[in-house]
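**Student:** requesting a structural model of the entry that follows:
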Amino acid sequence: MSSEYIFHSPKFYELKLGEVKPKNWLLKQLLFQAKGITGKLEEVWEDVGENSGWLGGTGENWERGPYYCDGLIPLAYILEDKELIKKAKKWIEWTLNSQRKDGFFGPKDNHDWWSRMVMLKVLKNYYEVTEDERVLDFLLKYFHYQYEHINDHFFTIWEHSRATENLLVIIWLYEIRETPFLKELAFKFLEKTKDWTEYFLNFPFKKPTKYYLDWKEMAKLTDVYGLEAIYNLEDREKAKRLFELFEGTHVVNVAMGIKYPAVRYLITGEEKQLLAIREGIKNLERYHGMANGMFSGDEHLDGRNPEQGTELCAVVEYMYSLEKIISVFGKVEDADLLEKVAFNALPATLSPDLMTHQYDQQANQVKCSVDKRNWYNNGDDSNIFGLEPNFGCCTANLHQGWPKLVKHMWMGTEDDGLVAVVFGPSEVRSTIKGEKIKIIEETQYPFEDEIRFRIILESAVNFPLYLRIPKWSNRAICEINGEVINSPRNRFLKLQRTWKNNDEVVLNLKTGIKFRKWYRNSLSVERGPLVFALKIKEKWKKIAEKNGFPDFEIHPESCWNYALNVNFSDPEGTFGVQKLNKMPEQPFDSNNAPIILVAKGKKVSNWDCKNNSTGKLPESPIESDNELEEIHLIPYGAARLRISQFPYLKVREENNEESENSNSDC
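**Tutor:** Residues are numbered from 1 along each chain as shown. Model (predicted):
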């Protein structure tokens, strides 16, 4: 099952699109998406409609068609949805037929390589599930075009910062067709594009972007002529400075760039690449991190205040980057982080029916409305739920989140094994030693602790099965057919044996409640990969509608300014836990949360809404003369209004030292 890379093999490798299928609540997310925004988008949004430049029309011809296809293709083929596959194929056919004799392709009046980098990923996924040989010939011809022109091609900000997407497909094609010039092309890309390794090793932006880049200065240049105004400045030093500042603080660039060291490692084998990722993730959390696993960016890096926003494009791109990083280096902590982002930040910024989305989400978000907020440079409608709030990039790009997560839940190993990277209800099918293998993963994870793996075989097969033991799990217990196996923390547990049909592995992660410290000593409450947030009663108000797609504001109908009453030496004893007997179709709904933490808290009288956000977060621990009240915390992903970074009370802080459950890094 292993494959040769240019210089260095990854720890794990991707399975083909379609080999992993979702089940139960996870399948529902993809079905909601198919019936909702992904399935309906072409009919209601002209940027990916029949007049798209990527379908030969005169409409939008840059990144939106490719972005949309980057999610449409995996969604369609994972679900085996005939209507979605039909939609997908017309984009593929037009793209394949658009190639010129010299290898270039796409809309004739768009010569930018960036949008084509996205379409390369689309074609790769399409080939994995169809094995359409035209794709390989097409890619080889286009890469030859790039090889001939790369030395003279001027790289825009997007091409310069996001060329990792191009490199991924070059490497993938080289595995299949070991054409020597592809090796040279990979090195040429490394020479021409942004070195994110050095960026993350020497992280330059430890404060919000406003301390480095005055947006008013940028706006004067770009309002009329766009980013090309930077490239054309006569003052070349100023042009270089603005280029680097814009590029290096743009939240989506950063989310994409974090996988650059992993891809560079496949090409060069340099050991420092893993260190760059470790330092990069640590510094993004330290200087811009939020409890939901993401970092701020509205639209540029904006510090640790939980009222700052995080763009949806950054969420799905960070997920994809982590999926690639896990494949290359096989580290448990990266899979832990992927789950945190996927089960918190992703669903929280989508409506429960997956019809609408936000551009920016806030970790502490008490109103979604068309109002002025402290964004760095985003618009007043950025946190409403709608078809196209603020800007259309997220409308086009959100579709990849759930399907690509499913694709990367399971991976292969060099010793002909399978590894469960991300847990959730799923099914994986693969071939090992010529034998067909199916593993059914039955669980309601992350809403429950137990995960059952049932192995379906036609005949006995000896192969290793790897299970991730998360860093947050202190007491994991693994059983094979009822026999207990030792399960150490923070590793991929290897189960090597001759497996027989209907063998069963049960993994119980014994999830406990933990605290972490954040901005102004605020506290997040976590249970496994789930972050919990105050349940605030939501009033959804339709403010507009276009072609059946509504825009919603959400206003609070209950109080939100609570400080938690916690006991650091006994996190479990701080909360009661309530679970639903039956998993709802949509667990990410504030009215049907499958798990609730019952806590005590006091209102903080001087903590009020300011600039349509939560205002200055009180420094913890705090005192309050108000009465203790029972409050409910629900999973972050189910709460469109929420407090997830709480002040906490001083009352029970006396004589209590913070346990290992608090995070000393924050």
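
**Student:** show me the domain layout of this protein.
**Tutor:** Annotated domains of the chain cover 12-360, 410-508, 513-643 [automatic domain parsing].

**Student:** just send the ones you listed back as CSV, with mean neighbour count, mean pLDDT and distance to Asn397 too.
**Tutor:** For the C-beta atoms, the positions are set from N, CA and C on the backbone; glycine is no exception. CSV is the format used below for the domains of the chain (neighbours: other C-beta atoms under 10 Å; pLDDT from 0 to 100; distance: least, C-beta to C-beta, whole Å):
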stretch, mean neighbour count, mean pLDDT, distance to Asn397
domain 12-360, 20, 97, 4
domain 410-508, 18, 95, 21
domain 513-643, 19, 95, 17
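
**Student:** select, out of the ones you listed, the one closest to Trp402.
**Tutor:** Set against Trp402 and scored by C-beta to C-beta, the domains of the chain come closest in domain 12-360, at 4.9 Å.

**Student:** strands of the stretch 301-450 of the chain, start to end?
**Tutor:** 309-311, 360-362, 364-365, 410-413, 418-420, 426-432, 435-443, 450-457 (DSSP state E, counting those that start in this stretch).

**Student:** for the fourth one, packing partners?
**Tutor:** Which is strand 410-413. Applying 3 or more C-beta pairs under 8 Å, 6 or more residues apart in numbering; DSSP states H and E, one finds that strand 410-413 contacts strand 12-14, strand 418-420, strand 426-432.

**Student:** wait, which of those strands is closest to Lys331?
**Tutor:** Proximity to Lys331 (C-beta to C-beta) singles out strand 12-14 among these, at 10.3 Å.

**Student:** give the pairing partners of that closest one; include direction for each.
**Tutor:** strand 410-413 (antiparallel) (DSSP bridges).

**Student:** center of this structure - which residue?
**Tutor:** Centroid-nearest residue in the chain: Met319, 2.6 Å away (criterion: C-alpha atoms, centre = their mean).

**Student:** ok, it - contacts?
**Tutor:** Applying C-beta atoms under 8 Å, 6 or more residues apart in numbering, we find Met319 in contact with Leu338, Val341, Ala342, Leu346, Gly401, Lys404, Leu405.

**Student:** can you tell me which of those is nearest Arg116?
**Tutor:** Lys404 (19.4 Å).

**Student:** show me what contacts that closest one?
**Tutor:** Shown in contact with Lys404 (C-beta under 8 Å, 6+ apart): Gly71, Pro74, Val316, Met319, Tyr320, Glu323.

**Student:** mind giving me JSON lines with the residues you listed and columns for distance to Phe385?
**Tutor:** As requested, these are exported to JSON lines (distance: C-beta to C-beta, whole Å):
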{"residue": "Gly71", "distance to Phe385": "18"}
{"residue": "Pro74", "distance to Phe385": "24"}
{"residue": "Val316", "distance to Phe385": "17"}
{"residue": "Met319", "distance to Phe385": "20"}
{"residue": "Tyr320", "distance to Phe385": "23"}
{"residue": "Glu323", "distance to Phe385": "26"}
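
**Student:** for Glu178, state which of those residues is nearest.
**Tutor:** The shortest gap between Glu178 and any of the contacts of Lys404 belongs to Glu323, at 25.0 Å (C-beta to C-beta).

**Student:** okay, and which of the contacts of Met319 map to helices?
**Tutor:** If you go by DSSP state H, the contacts of Met319 have Leu338, Leu346, Gly401, Lys404, Leu405 in helices.

**Student:** now the last one: how far from Gln33?
**Tutor:** This means Leu405. Distance of Leu405 to Gln33, computed by C-beta to C-beta, to the nearest Å: 12 Å.

**Student:** run through the helices of the stretch 51-200 of the chain in chain order.
**Tutor:** Under the criterion DSSP state H, counting those that start in this stretch, helices of the stretch 51-200 of the chain are mapped to 64-79, 82-97, 113-130, 133-149, 157-162, 164-176, 180-192, 196-201.

**Student:** quick check: next helix or strand after the last one?
**Tutor:** Going back to what we said before, that points to helix 196-201. helix 215-225 (DSSP states H and E).

**Student:** give the contact list for the closest residue to Val461 other than its chain neighbours.
**Tutor:** Nearest residue to Val461, sequence neighbours excluded (C-beta to C-beta, 6 or more residues apart in numbering): Glu435, at 4.7 Å. Applying C-beta under 8 Å, 6+ apart to Glu435 gives the contacts Leu457, Glu458, Ser459, Val461.

**Student:** the second one is in contact with Gly434, isn't it?
**Tutor:** Going back to what we said before, that points to Glu458. No - in this structure, Glu458 is not within contact of Gly434 by C-beta atoms under 8 Å, at 10.8 Å.

**Student:** which parts of the stretch 401-550 of the chain are helices?
**Tutor:** Using DSSP H, counting those that start in this stretch, the helices of the stretch 401-550 of the chain run over 401-407.

**Student:** can I get stretch 17-29 in PDB, CA atoms only?
**Tutor:** In PDB, the C-alpha atoms belonging to stretch 17-29 read as follows (Å, rounded to 0.1, in the frame of the first residue of the first chain):
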ATOM      1  CA  LEU A  17     -11.700   9.500  -2.500                       C
ATOM      2  CA  GLY A  18     -14.700   7.300  -1.800                       C
ATOM      3  CA  GLU A  19     -12.800   4.600   0.300                       C
ATOM      4  CA  VAL A  20     -14.100   6.300   3.500                       C
ATOM      5  CA  LYS A  21     -17.800   6.800   4.000                       C
ATOM      6  CA  PRO A  22     -19.600   8.700   6.800                       C
ATOM      7  CA  LYS A  23     -22.400   7.200   8.800                       C
ATOM      8  CA  ASN A  24     -25.100   8.400  11.300                       C
ATOM      9  CA  TRP A  25     -24.700  12.000  12.400                       C
ATOM     10  CA  LEU A  26     -21.700  12.600  10.300                       C
ATOM     11  CA  LEU A  27     -23.500  11.400   7.200                       C
ATOM     12  CA  LYS A  28     -26.300  13.800   8.000                       C
ATOM     13  CA  GLN A  29     -23.900  16.700   7.800                       C
END
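
**Student:** ok, residues contacting it?
**Tutor:** Contacts for stretch 17-29 (C-beta under 8 Å, 6+ apart): 30, 73-74, 77-78, 80, 125, 128-129, 347, 354, 402, 406-410, 424-430, 440-442, 444, 447, 583-587.

**Student:** change it to 7 Å
**Tutor:** By C-beta atoms under 7 Å, 6 or more residues apart in numbering, the list of residues contacting stretch 17-29 from outside reads 30, 74, 77-78, 125, 128-129, 402, 406-407, 409-410, 424-430, 444, 583, 585-587.

**Student:** ok now it, how far from the chain's centre?
**Tutor:** Going by C-alpha atoms, centre = their mean, to the nearest Å, the spacing between the C-alpha centre of stretch 17-29 and its chain's C-alpha centre is 17 Å.

**Student:** cool, stretch 308-319 as well?
**Tutor:** Computed by C-alpha atoms, centre = their mean, the chain-centroid distance of stretch 308-319 equals 7 Å.

**Student:** cool, and stretch 339-353?
**Tutor:** On the basis of C-alpha atoms, centre = their mean, stretch 339-353 sits 9 Å off its chain's mean C-alpha point.

**Student:** what about that stretch, start to end distance?
**Tutor:** Start-to-end span of stretch 339-353 (C-alpha to C-alpha, to the nearest Å) is 21 Å.
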